[in-house]
Each structure stands twice: as structure tokens, then as C-alpha cells.
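J.: Dropping a prediction and its sequence here:
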Amino acid sequence: QVQLVESGGGLVQAGGSLRLSCAASGHIFSSYTMAWFRQAPGKEREFVAVFRSGDSFTHVDDSVEGRFTISRDSAKNTMYLQMNSLKPEDTATYYCAAGPYNRGFRPRDYDYWGQGTQVTVSS
């Protein structure tokens, strides 16, 4: 059983930065794809960024391109989402997700989820 715990959310002014962390149980990075999703009130959960196992492929959604960066530290079993130049529309609950081998960009592609961390960006 994989357990994921997010941290690092909070309240920040527009233009500010936050770094989210996702601590994973066990050494899963070599064979699991890890991703970040977000969900705003009344909206569907949407893809933000992915770090794919095997080839270390990374990708961020166009809506955060140039502002968000995904990374991971295998020694610490931790994945990060560095968020810069935050906008009010980035306000959402951010979730960490994991699934074995290569996974896609849809929530249903992932088997394990964290509890979420709230990010609020004020204008």
C-alpha cells in the first residue's frame, strides 16, 4: 500500500511562490509515476504536472507552463511542486497521486492519492 502525504500549502499573494511536497511511503520512485492534480470548488480535478518513472519524463500543463516546476528527490522519497508567479486562478486543493509504471494525465490513471493541501492566492 502506497501512502502519500502533501504539505506546503497556504495563503499567498498574487505573484508569490510556494513549494508543495509529497512524501511517499516506500521506495516507489523507480517504478511509479507521480503527478500533481488540483481541484477548485465546483470544478473537476485537473492535471497539473507529472514525473514519469523509467525515463524521468516530466510535463506540466499549459496553464502553469513557465511558472510551475515538478521535481523529486528519490533519496527522500519526496516529490515537489515549485509554484512561482502564482495567480488567483491557481487557488485550489492540490493533490499528489501515484501509479505503477507509466501513467497519463487523467485522475483515473492513478491508484493512490494524498489527502490534499490547500493553496489560496489572494489578488
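T.: It's in.

J.: Tally up the residues packed near Tyr112, please.
T.: Neighbour count of Tyr112, defined by other C-beta atoms under 10 Å: 18. In short, each C-beta sits where N, CA and C put it, glycine included.

J.: Glu44 versus Phe51, what's the distance?
T.: Between Phe51 and Glu44 the computed distance is 22 Å (C-beta to C-beta, to the nearest Å).

J.: Of the two, give the one with the bigger neighbour count.
T.: More crowded of Phe51 and Glu44, by other C-beta under 10 Å: Phe51, with 21 against 8.

J.: Isn't that one up against Val60?
T.: No: if you go by C-beta atoms under 8 Å, Phe51 and Val60 don't touch, sitting 10.1 Å apart.

J.: Report the set of residues contacting both of these two.
T.: Taking C-beta atoms under 8 Å, 6 or more residues apart in numbering as the criterion, Phe51 and Val60 both touch Ile70.

J.: Quick check, pLDDT for Ser31.
T.: If you check Ser31, the pLDDT there is 87.

J.: what's the burial count for it?
T.: Using other C-beta under 10 Å: Ser31 sits among 10 other residues.

J.: what residues are up against it?
T.: For Ser31, the contact set (C-beta under 8 Å, 6+ apart) comprises Ser53, Gly54, Pro100, Tyr101.

J.: Closest one to Thr69 out of these, please.
T.: Distance to Thr69, by C-beta to C-beta, is smallest for Ser53 among those, at 18.2 Å.

J.: what's the neighbour count on that closest one?
T.: 19.
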